[in-house]
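Student: just to be clear, the model below is a prediction. Sequence and coordinates:
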Amino acid sequence: MFRIDEDNINKAYEQAKKIFSQVGIDTDKVLEEMDKIHISLPCWQGDDIVGFEGGEGLTGGGILVTGNWPGRARNGDELRQDLEKALSLIPGKHRVNLHAIYAETGNKFVDRDQISIEHFEKWINWAKENEIGLDFNPTFFSHEKANSGFTLSSKNKEIRTFWINHGKKSREIASAIGKELGKQCVNNVWIPDGSKDLPADRMEHRKILKDSLDEIFSVKYDKSDILDSVESKLFGIGSESYVVGSHEFYMAYAFKNDVALCLDMGHFHPTENIADKISAILTFSDDLLIHVSRGVRWDSDHVVILNDELLALTKEIRRCNAYDKVRIALDFFDASINRITAWVIGARATLKAIMISLLEPVHLLREEENKGNFGNRLALMEEFKDLPYSSVWDKYCLDKGVPTNASWLEVIERYEEEVLSKRK
Ligand code: RNT
Ligand code: ZN
């Protein structure tokens, strides 16, 4: 597999360092800044969002996993083993994002309104051993009480109460995880509620959702343990005409109630880029969660790659000087390729985009902007596109002790042979 040898990586880095210093960028400092970046890996990419409840797997929710690559993780031990493999191929120290359905309840069935911190003991111990943070999500899908298409916004009181209790349990768990690990745990609420065809009453469900959220968030926790967030969506499969938790709904809710907003890159109009929204939101809020994803036609969750949308996002975070305010969580799921490969592609692409944003000579762009010379500004943006970013990236991988270039694929090939292929 493609790999530049160590000597050449070091030489190329020294060269790149000089080039970047000519445009006022200190590459050594950027490498240090990268140490402060911790992105969250979606545990659900490892098992096609099946979870450990022993049910039939992902159902409803307007999300869909396709593909049948062999080797899906079937339990907590396998999932953690796979995550460790993925993390070993990603430079830096990162986080893992859990969903409530990844509770480990032994052989006992525990419904979602009954789960508690003890069911995440193994995850917590594992996170401690690996010195990583954990994030959390209540799971409002793949459950008989979600079959009507409505959960927190359901007109049925019994159903709604069940999900409110699940939301409360999840926050309790998330804050306990944050406390245990000494690292703030982001607890993100996303619900699938909506309808395939035109509703006659859009208002009622939104009022109910507001009340349900009020109840869930009425319990106060220490913000150093938990950051609450709410995630909007434009449409999903089976909710094409109406989504209760729309962008406007949650933006208003978040600002009024001091919870963070979550923007998922795949949850807006196909030509709408969320990069422009960051400065608008951060004018009014100190926190923002981004679900880094890739929308393709009607699917909002393809594996993230280094494309223009991703670069627009990271450059904007950098230009807002907001890497300490914006939490970055990957959100994708693809079962048609090796699942560990999927994690590593998405994580490396995101980190590369972050690094490129930190290496961009923004001050020179601003200089032209402040002079009013927008032609120069645009020209410089174009010229800066081919600065030797890859030489700094290779050095970063080398320094962090992870495989450089495409050589990580050899590790996956071996793992597939030795571990995944034996999962029958
Ligand atoms: C679904 C949302 C949500 C999920 C995860 C599994 O459209 O993006 O974030 O992807 O909770
Ligand atoms: Zn998402």
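Tutor: Nice, I can see it. Numbers count the residues shown, from 1 in each chain. Ligands and ions are numbered 1, 2, ... in the order given.
Student: spell out which parts of this structure neighbour ligand 1.
Tutor: Proximity of the chain to ligand 1 is confined to 44, 49, 63, 137, 190, 231, 233, 264, 291, 300-301, 331 under the rule CB under 6 Å from any ligand atom. Any C-beta I mention is one placed from the backbone N, CA and C, and that applies to glycine too.
Student: out of those, which sit inside strands?
Tutor: Under the assignment DSSP state E, the residues of the chain next to ligand 1 contribute 231, 264, 291, 300-301 to strands.
Student: which of those lies closest to ligand 1?
Tutor: Within the set of these, D264 lies nearest ligand 1; the separation is 4.6 Å, counting by CB to the nearest ligand atom.
Student: ok, so what distance separates the closest one from M381?
Tutor: In this structure, D264 lies at 27 Å from M381, with CB to CB, to the nearest Å as the measure.
Student: more crowded one of these two?
Tutor: For the pair D264 and M381, the greater number of neighbours falls to D264 (23 against 14), based on other CB atoms under 10 Å.
Student: was I right about that one contacting V230?
Tutor: No. Taking CB atoms under 8 Å as the contact criterion, D264 and V230 are not neighbours in contact, 11.3 Å apart.
Student: hmm, back to that, adding distance to ligand 2, write the ones in strands among the residues of the chain next to ligand 1 out as CSV.
Tutor: What follows is those, written out as CSV (distance: CB to the ion, whole Å):
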residue, distance to ligand 2
E231, 6
D264, 4
H291, 4
S300, 7
D301, 7
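Student: for the buried ones among the residues of the chain next to ligand 1, write the corresponding PyMOL selection.
Tutor: When burial is assessed using 16 or more other CB atoms under 10 Å, the buried subset of the residues of the chain next to ligand 1 is captured in PyMOL by this command:
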select buried, resi 44+49+63+137+190+231+233+264+291+300+301+331
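Student: okay if I get the residues of the chain next to ligand 1 as TSV plus pLDDT?
Tutor: Compiled in TSV, the residues of the chain next to ligand 1 are given as follows (pLDDT from 0 to 100):
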residue	pLDDT
W44	98
I49	98
I63	92
N137	99
W190	98
E231	98
K233	98
D264	98
H291	98
S300	92
D301	95
D331	98
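Student: quick check: of the residues of the chain next to ligand 1, which lies closest to S246?
Tutor: K233 (7.4 Å; CB to CB).
Student: show the contacting residues for the residue in the stretch 101-250 of the chain positioned nearest to ligand 1.
Tutor: With CB to the nearest ligand atom as the measure, W190 is the residue of the stretch 101-250 of the chain nearest to ligand 1, at 4.2 Å. Going by CB atoms under 8 Å, 6 or more residues apart in numbering, W190 touches 137, 140, 230-231, 233, 245, 262.
Student: and which of those is nearest ligand 2?
Tutor: Taking CB to the ion as the measure, ligand 2 lies nearest E231 of those, at 5.5 Å.
Student: K179 is in contact with D225, isn't it?
Tutor: Yes. Counting by CB under 8 Å, K179 does reach D225; the two are 4.6 Å apart.
Student: list residues touching both of those two?
Tutor: Residues touching both K179 and D225 do not exist when contact is defined as CB under 8 Å, 6+ apart.
Student: next up, the contacts around P388.
Tutor: By CB under 8 Å, 6+ apart, P388 lies in contact with 12, 15-16, 19-20.
Student: using CSV, write out every CA atom in stretch 21-30.
Tutor: C-alpha atoms of stretch 21-30 as CSV (Å, rounded to 0.1, in the frame of the first residue of the first chain):
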residue,chain,number,x,y,z
SER,A,21,6.6,30.2,7.7
GLN,A,22,6.8,32.4,4.6
VAL,A,23,3.0,33.0,4.9
GLY,A,24,3.2,33.5,8.7
ILE,A,25,2.2,30.0,9.8
ASP,A,26,4.2,28.0,12.4
THR,A,27,3.6,24.4,11.6
ASP,A,28,5.1,23.1,14.9
LYS,A,29,2.5,25.2,16.7
VAL,A,30,-0.3,23.8,14.6
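Student: can you list contacts of it?
Tutor: With contact meaning CB under 8 Å, 6+ apart, stretch 21-30 is reached by 13, 16-17, 20, 355, 358-361, 363-364, 384, 387, 392, 395.
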